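> Next come a sequence and a model predicted from it.
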Amino acid sequence: MIISFIFQSLLNGILVGGVYSLMAMGLTLIFGVMKVVNFAHGSLIMLGMYVAYWSVALLHVDPYVSILIVFPVLFIIGASFQKFLINPIINAPEHNQLLLTLGVSLFMENLAVFLWSPDYRVMKTSYAEINFYIGDITISLARLLAFCFAMLLAAILYVVLTRTDLGKAIRAASEEPRGALLMGINIKRIYLISFGIGAACAGVGGAAITPFFPVYPYVGWLFVITCFVVVVLGGMGNILGAFVGGLIIGLADSVGAMLLPGSMKSIISFTIFILILLFKPTGLFGREHA
Amino acid sequence: MTNANKKREKKGISRREFIKTTATLGAAAAVGSIGFPNVLRGATPQDIVVGHIHPLSGFLGFDGQELKKGVMLAAKKINDAGGIKSLDGAKLKLIDADSEGKPALAIPAVERLHRAGAVAILGCYQSSVTLVASQIAEKLRVPFVVSVAVADKVTGRGFKYTFRTQPRAEQMASQTVNYIKKITEASGVTVKTIAYLHDNTAFGTSLSEHVVKYAPEYGMEVITRVAYSPRAADVSTEVGKIKAAGADVIMDTGYFGDGVRVLRMMREMRVKAKGIIGCGNGAFSHPKFVGELGSMTEYIMDGNYRANPVSPLTEKAFSQYKKTYGTEMGPSTVFAYQSMLVLADAIERAKSTDRDAICKALSETDMTQHILPQGPIIFGPDGQNKNAQAAMMQVLKGKVQVVWPKQYSEADFVFPHPS
């Protein structure tokens, strides 16, 4: 019983960690390229969940096919957000940008309350009831699929960033915007695309968990703080760091819940967070000059 | 009830009504803020002003609006039946105050209602807000009738002006444990151990502490208590701990959203027990919970507050509510409705709109005609309904039904739960 409990917790930690990874990769991409701390990330996650929920409820598509709807929708929302709201203040002081993204998140949440009421909604899908059992350990299909989709999108994102011209342009814009501009890279377009991809990562992360997670307007706050911890842990703007960081935080929360009384489970992940800030403020994978 | 008011009930607020109310309230606020006492009262002299504070917007906006409807329905019932007879048929007039779910806003809300001449105030759905509001009301000597708030402290501070009809945390927890004992005895199953999963706010902590205290009186013991944060995205390890404890019965207290996640996780991880039983649970006996999660909620039990399902008065109130608002009357709304009726009864007996007279009448309440599953509503010296009683509900065939106490039950319980 005890052994299986430990394995069960570690497994769940990794599965949920994978989803944190994807959400945090979106956040870190936006920060890395534009140096904008996006407090509206949680609202983008929430929007992704609602798009998935309504696709299933109204269009009767498969919950995982809805991800194909969520990605472009959130990409467009993210890109418009960048074009009309972020772009005008891209050179403004950081606290102004922070207030703007926070304001947008409040706006989106209240819009969601207005449009869809503060009700909790649960997606009705047969996936949520399929579980595999190895001895006393449960593997939930929905959680496993959420993890797989998150990993898949994370891998695609990684390949795009490292192997394609677009990816090179994004990285160039992130490392040296002026140099990139001189090399003929259309920085404005890159900003637009990066924000779109970042928002889509948040949305897909949200959509992937919707089959087993209730949707409501304030749901984003459950994830956004964790995302920030992951991003700082992995190094602000570092994609690989966010990926590994997500898994670490997922595991740390699980171990914390196993060893410590309930309400203190986050102590371990936040202790790691503080230690990183103290001894390696650039994050696990951060470069020294970053 | 006047024609204008009737119109408002049906169609929402008309423009003229809106302008009138806004102007009056605006003027009252403006006058109040520059220091004139009670020049404008926001009501014609013969009306009896009753204030209510609920979270009408914000995080709990949905719940607050429901409770408001309960209060409005009760006031309408009184007014339609000829108002307060001992005061020449004076009508009740409600004034809203929005707490937005924030304790800090309770202070100006009570002060505003006080200035608007409210003879009493109802509220506030959350214990945190109610604690603050009732304290200010006590200071201003305004009778305060709790609609919904479970914390023991609300009536545990020696206040003279605070009254509560719903069961407080201790009553809810001890009665739930008692019902579990009775149900296990009746079904010939022995239950010795309890594993308790609860949210880490005052809500879950206080109820579980009472269960820990009362369980030994009924030959049971809480062997594990696991708290989780309702803000945490993942509760799998907490549920794993409960599973590993292997107790006879699992008890759970939490809000709606986390209740959904917890039960899902329990079903996923095949947590086995003779029963999964909530205590004051925000999800387990909510019709929406069953609607959203479907068959996985079957046999789930919850010891919670409830209307008396076998009373004809309840049936009447429920059908009135459905007719007026088009939705079902939720369990919390029942208490908003009943509390307003308790207050109206006190005003009737006080034969006066004097706050102290109403307070005195409230303390002498002995109401037998009500919609709660209990004997007469009588307030103890602390203002708590002495006979307040919780009920044990069970989800049977996709419907939340009262299964205990026997005289209020709609269906026979199923225990132990089939796996």
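Great, that's in hand.
> ok now do residue A:213, which residues does it touch?
Each residue near residue A:213 by Cβ atoms under 8 Å, 6 or more residues apart in numbering or on different chains is listed here: A:49, A:219, B:233, B:261. No exception for glycine: its C-beta is placed from N, CA and C like everyone else's.
> Which ones among those residues map onto helices?
Judged by DSSP state H, the contacts of residue A:213 include A:49, B:261 as members of helices.
> Mind putting the contacts of residue A:213 into a markdown table with pLDDT, neighbour count and distance to residue A:243?
Putting the contacts of residue A:213 into a markdown table (pLDDT from 0 to 100; neighbours: other Cβ atoms under 10 Å in any protein chain shown; distance: Cβ to Cβ, whole Å) gives the following:
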| residue | pLDDT | neighbour count | distance to residue A:243 |
| --- | --- | --- | --- |
| A:49 | 95 | 28 | 22 |
| A:219 | 89 | 26 | 23 |
| B:233 | 77 | 19 | 18 |
| B:261 | 88 | 24 | 25 |
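> Just name the closest of the contacts of residue A:213 to residue B:93, please.
residue A:219 (39.3 Å; Cβ to Cβ).
> where does residue 227 land in three-state SS?
Using chain A here. Per DSSP: H, G, I helix; E, B strand; the rest coil, the local secondary structure of residue A:227 is helix.
> I was after chain B.
The three-state label for residue B:227, taken from three-state DSSP, comes out as strand.
> re earlier: pick the one among the contacts of residue A:213 closest to residue B:409.
Taking Cβ to Cβ as the measure, residue B:409 lies nearest residue B:261 of the contacts of residue A:213, at 29.9 Å.
> and the gap between that closest one and residue A:212?
8 Å (Cβ to Cβ, to the nearest Å).
> And residue B:96, which helix or strand is it part of?
Residue B:96 belongs to strand B:92-98 when assigned by DSSP states H and E.
> Indicate whether that strand makes contact with chain A.
No: residues of strand B:92-98 are not located near chain A by Cβ under 8 Å from any Cβ of the partner chain, the shortest gap being 14.5 Å.
> Ok, stretch B:410-419 next?
No: legend: contact between stretch B:410-419 and chain A by Cβ under 8 Å from any Cβ is lacking; minimum distance shown is 14.3 Å.
> Buried residues, that stretch. List them.
For stretch B:410-419, burial by neighbour count (16 or more other Cβ atoms under 10 Å in any protein chain shown) applies to B:413-417.
> Show residues contacting that stretch.
B:183-184, B:187, B:189, B:272-276, B:299, B:301, B:309-310, B:392, B:394, B:396, B:401-404.
> repeat that for 6 Å
B:183, B:187, B:189, B:272, B:274-275, B:299, B:309, B:394, B:396, B:401-403 (Cβ atoms under 6 Å, 6 or more residues apart in numbering or on different chains).
> All the helices of chain B, in order from the start?
Taking DSSP H as the criterion, chain B carries its helices at B:3-11, B:15-33, B:61-80, B:106-115, B:127-140, B:169-187, B:202-214, B:236-245, B:256-268, B:287-293, B:312-325, B:331-350, B:355-363.
> can you tell me how far residue B:227 sits from residue B:202?
Distance of residue B:227 to residue B:202, computed by Cβ to Cβ: 12 Å.
> So if I had to pick from those two, which one is more boxed in?
Each of residue B:227 and residue B:202 has its neighbours counted (other Cβ atoms under 10 Å in any protein chain shown); residue B:227 has more, 21 against 16.
> Which positions in chain A make contact with chain B?
A:1, A:5, A:8-9, A:12, A:16, A:118, A:120, A:122, A:131, A:138, A:140, A:214, A:222-223, A:254, A:257-258, A:262-263 (Cβ under 6 Å from any Cβ of the partner chain).
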